[in-house]
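> below is the sequence, then the predicted model.
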Amino acid sequence: MKTNRKNGTSAGFNNTGKKVERMRRVTVYYDRHCHLCQRLRTWYLRLARNPSAVVWRHYTDAPACGLDGKGCGETMAVETGDGRHFHGFYAVRVLIGYTWLGFAKPLLYLPGASWLGERGYAWVARNRYRLMGKGEPN
């Protein structure tokens, strides 16, 4: 199988001999006790092109990706199939590429998008319990 580094897919052939693109598996580390984070996961699963390509884990499982629990508990993290790590806004940007909204992903690379995205993500992360509350994981 050949991997396309630009979009994280790998080319293969199905049983009819037609070329198909397969998405690489990614792991998301998030706060299961955060209602906002749970809603993000639910939203993602509804819009995902291939929900089984993404594994969702609680941030206490994060040492596998070289993060400490506190740091990962304050921000969502994504580990891609090729071992790269993304946090906060950049993790959300990676996940959008795995949904049907992937066509809009280039907008998140426009000048100023990272600056605005980092600050917006940081504000939401700081205020997530106040905005949505804290509860037991689903």
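Structure received.

> hey, where'd the strands end up in this protein?
All strands of the chain, identified by DSSP state E, fall at 2-4, 9-13, 19-23, 26-30, 54-58, 77-79, 85-87.

> ok, which stretches of the protein are helices?
Applying DSSP state H to the chain gives helices spanning 35-47, 69-74, 89-96, 113-132.

> which among these is found nearest to residue 81?
For the helices of the chain, the distance to residue 81 is smallest for helix 89-96, at 11.1 Å, taking Cβ to Cβ. The C-beta positions use only the backbone N, C-alpha and C, and glycine is treated the same way.

> which other helices and strands does the closest one contact?
Judged by 3 or more Cβ pairs under 8 Å, 6 or more residues apart in numbering; DSSP states H and E, the packing partners of helix 89-96 are strand 26-30, strand 77-79, helix 113-132.

> same list, the ones you listed, but as TSV with distance to residue 97 please.
Below are the helices and strands packed on helix 89-96 laid out as TSV (distance: least, Cβ to Cβ, whole Å):
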stretch	distance to residue 97
strand 26-30	10
strand 77-79	10
helix 113-132	14
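
> out of those, which is closest to residue 57?
Counting by Cβ to Cβ, and looking across all of those, nearest comes strand 26-30 at 5.5 Å.

> show me what counts as buried in that closest one.
Neighbour-count burial for strand 26-30 flags 26-30 (criterion: 16 or more other Cβ atoms under 10 Å).

> tally of neighbours for the residue nearest to residue 104 when sequence neighbours are not counted?
Nearest non-adjacent residue to residue 104, counting by Cβ to Cβ, 6 or more residues apart in numbering: residue 96, 7.0 Å away. Residues lying near residue 96 (other Cβ atoms under 10 Å) number 18.
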